[in-house]
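J.: this one's structure only:
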């Protein structure tokens, strides 16, 4: 299989090279963390690091399948450290598979000169106990599926028009390990292995049926604002005795911790306050959405919002959905020194009358500050402002440097 270059992530690992902190690549299963570690390993070799000074441990490989406990992991790695006072690079894949791995990492840091890079699927592994053992907070790098630019670069040699590539991106998603395989079949395998290994097993759930039902509800309600109470009401329409609201909250947190869904907070401009009870949820990959939902309108606004949301996350900015009275703007985007508002629609040109256009512009026009306001649309030929609101094509936005 062709190894897709992920320079954004490899460059981040190089940036943190030789730092005392351990580095952790986190993200949903199949997102390409192993490939990034392999790319990083090759980069180290290209820069002159001896191959014997790089210890690569893939805990899902046949060679390492027997390693399930911290003591075994420590012995396996320490046996590969030939010279005790020499520096080694240690790359461990799927570290969460080893019970008590934190003790191993802390002991290795204490006993040897190791620069450590880990990958983790599923629940968050960075907690106070880990920080206490390591005497520092690890550097966490969140890995997402391929951006549209990365996806386009993979397929552009096939001479496909960019609109066709974008349509496939929305329908099949962009998990890098599935680019050259039977996508839907392997997406199904990947989805259910994520559910079984990174949610059911880790959280020791006895009855999986409620969590499976909640998963389908979050797919169905993609991009819609919900509280745990409102999801409870949806369950009331489906079953006679839905679980308690607290149980619903715990289950949804499991889905978010596994990185299968991302939770977007709601910011109320008038009160200048984040509404803690309300959240939007987006699936990490639209291929999972297609697999669960079957045939769907790929240019649905909530689907387009999902694509834009993850592109914004890749930029490293803070993203919330925005409420202004009874109006909503898809996203408020905040960096250290700037802020902007982004609203999304499928088309402005196909609107029936001026009142429909006014409804789209109204939320942005109701925001009384000097920050940039932007409408993204599938329409082509837009790259200008109307009443101070910039209008651009979504594909152009995704392809920008």
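T.: Cool, got the structure. Worth saying up front: this structure is predicted, and the values here are computed from it rather than measured. Numbering: from 1, shown residues only.
J.: can you tell me how far the residue nearest to residue 183 when sequence neighbours are not counted sits from residue 195?
T.: Using C-beta to C-beta, 6 or more residues apart in numbering and skipping residues adjacent in sequence, the residue nearest residue 183 is residue 172, 5.1 Å away. For glycine as for every other residue, the C-beta is placed from the backbone atoms N, C-alpha and C. Distance, residue 172 to residue 195, by C-beta to C-beta, to the nearest Å: 20 Å.
J.: ok, now residue 395?
T.: Distance from residue 395 to residue 195, by C-beta to C-beta: 32 Å.
J.: could you do residue 115 as well?
T.: Per C-beta to C-beta, residue 115 is found 34 Å from residue 195.
J.: which residue is nearest the centroid of the protein?
T.: residue 144 (4.1 Å; C-alpha atoms, centre = their mean).
J.: residues in contact with that one?
T.: 27, 31, 284, 310, 313-314 (C-beta atoms under 8 Å, 6 or more residues apart in numbering).
J.: where does pLDDT dip in the chain?
T.: Across the chain, residues meeting the criterion (pLDDT under 70) sit at 1-2, 123-125, 127-131, 157, 178-182, 352, 383-384.
J.: for it, identify the residue most remote from the centre.
T.: Farthest-out residue of the chain from its mean C-alpha position, per C-alpha atoms, centre = their mean: residue 83, at 38.8 Å.
J.: wait, is that residue part of a strand?
T.: No: judged by DSSP: H, G, I helix; E, B strand; the rest coil, residue 83 forms no part of a strand; its state is coil.
J.: domain-wise, how is this structure divided?
T.: By the assignment in automatic domain parsing, the chain contains the domains 7-142, 186-399.
J.: for the first one, how far is the first residue from the last?
T.: What that stands for is domain 7-142. By C-alpha to C-alpha, to the nearest Å, the extent of domain 7-142 from end to end equals 14 Å.
J.: heads up, I number from 25, so please use that
T.: Sure thing, new numbering starts at 25, so read that last one as domain 31-166.
J.: chain center to stretch 323-331: distance?
T.: 16 Å (C-alpha atoms, centre = their mean, to the nearest Å).
J.: which residues sit against the longest strand belonging to the chain?
T.: Within the chain, and with DSSP state E defining each element, the longest strand by residue count is strand 297-307. Identification of contacts with strand 297-307 by C-beta under 8 Å, 6+ apart yields 242-243, 245-253, 276, 280, 284-292, 313, 329-330, 333-334, 344-345, 347.
J.: switch the cut-off to 7 Å
T.: 242-243, 246-251, 284-292, 313, 330, 333, 344-345 (C-beta atoms under 7 Å, 6 or more residues apart in numbering).
J.: give me the buried entries from those.
T.: Neighbour-count burial (16 or more other C-beta atoms under 10 Å) applied to the contacts of strand 297-307 gives 242-243, 246-247, 249-251, 284-286, 288, 290-291, 313, 330, 333, 344-345.
J.: inside helices: which ones of those residues?
T.: Members of the buried ones among the contacts of strand 297-307 lying in helices (criterion: DSSP state H): 242-243, 313, 330, 333.
J.: could you dump those to a markdown table with distance to residue 319?
T.: Shown next, in a markdown table, are those (distance: C-beta to C-beta, whole Å):
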| residue | distance to residue 319 |
| --- | --- |
| 242 | 19 |
| 243 | 14 |
| 313 | 12 |
| 330 | 17 |
| 333 | 23 |
